[in-house]
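**Q** Provided below are the primary sequence and the corresponding predicted coordinates.
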Amino acid sequence: MSVDPPAVPSPLLTAAIDTELHVARSGWDQPPRLFALVRTSLLQGREPQLAGQLTDSDPQGFTAVEQEGLPPTSDLESLLGRIAWPEDVEGAALAIERIVVPPEAERDLPEDAIAATEALAAHPDRKDVRLVAACLRDGQQICLLRQRDHDSDDAVATGANLAPGLSHALAMTLQD
C-alpha cells in the first residue's frame, strides 16, 4: 500500500495564507488592505536590509508588500480600476471585511444606501467575514475566508471561487 506524499501548497497559496495571518493579527474592523506580491528572491536582492526577515522564505515564493496609504473608498471596484503595478510585481492580494446575510435579508431593504447598510448590519443572522483574494499575472487565483464567529487560524476556508467578482477585479489590476 502506497501513501501519497502531502500536497505542497503553491507559492500563491502560501503567500495568501501568510497575508491572511498578517492581517488577522490586527483584529477586526479594518479598512481594505492591498499588497503587492513580489518574488522573494527579487526582494532579497534589491532590499538586502530585509534579508534577516526573509531567511525562512522560499526564494521562489512570493512576499507580500503592503501598499500603505490606500485611500478610503465606498467604491472598491473603482479604486481597483485605478491601480496599475510595475512589471516586477507578479501578483496582488487584497484583504477586505464584509457582512454576509441570508438572501431573504436583502428583500424589502430601504432604497437609501445608508439605511440599507444599517438594516443589513443590524440583521440577527448577519455574519462578519474577512476575505483575502490573491492573484498572479499568469491567471492563478485563490481566496481565503475567515469568519468572525469562528476566528481561528485553523478555520480559514480556501478556494478559487469564494469571491469571483473580487478576484476578477483584483486580477484586472495586473493587466498590461
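**A** Alright, I've got the coordinates.
**Q** for the protein, longest strand please?
**A** Looking across the chain with DSSP state E, the single longest strand is strand 89-100.
**Q** please enumerate the strands of this structure.
**A** 33-39, 62-66, 89-100, 127-136, 141-147, 157-159.
**Q** show me what the fourth one is packed against.
**A** Here strand 127-136 is seen to pack against helix 11-24, strand 89-100, strand 141-147, helix 164-172 when contacts are counted using 3 or more CB pairs under 8 Å, 6 or more residues apart in numbering; DSSP states H and E. From N, CA and C alone the C-beta is placed, and that goes for glycine too.
**Q** flag the shaky bits of the protein, pLDDT-wise.
**A** Where the chain drops to pLDDT under 70, the residues are 1-7, 51-56.
**Q** middle-most residue in it, spatially?
**A** Nearest to the mean C-alpha position of the chain, by CA atoms, centre = their mean, lies Val132 at 2.1 Å.
**Q** separation between the closest residue to Leu12 other than its chain neighbours and Pro86?
**A** Leaving aside its sequence neighbours, Leu12 sits nearest to Gln140 (CB to CB, 6 or more residues apart in numbering; 5.0 Å). Distance, Gln140 to Pro86, using CB to CB, to the nearest Å: 19 Å.
**Q** and Leu50, by the same measure?
**A** Per CB to CB, Leu50 is found 18 Å from Pro86.
**Q** in terms of neighbours, single out the busier of the two.
**A** Using other CB atoms under 10 Å as the criterion, Leu50 and Pro86 rank with Leu50 on top: 15 against 7.
**Q** which non-adjacent residue is nearest that one?
**A** Leaving aside its sequence neighbours, Leu50 sits nearest to Leu43 (CB to CB, 6+ apart; 6.3 Å).
**Q** the one you found: neighbour count?
**A** When neighbours are counted by other CB under 10 Å, Leu43 registers 21.
**Q** wait, it sits on Val65?
**A** Yes: the pair Leu43 / Val65 is scored as a contact, 7.5 Å apart, by CB atoms under 8 Å.
**Q** ok, back up a step: let's have the helices and strands packed on strand 127-136 in CSV, adding mean neighbour count and distance to Ala157.
**A** Below are these laid out as CSV (neighbours: other CB atoms under 10 Å; distance: least, CB to CB, whole Å):
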stretch, mean neighbour count, distance to Ala157
helix 11-24, 20, 11
strand 89-100, 21, 12
strand 141-147, 22, 4
helix 164-172, 17, 14
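**Q** tell me how many other residues crowd Ala105.
**A** Ala105: 16 neighbours (other CB under 10 Å).
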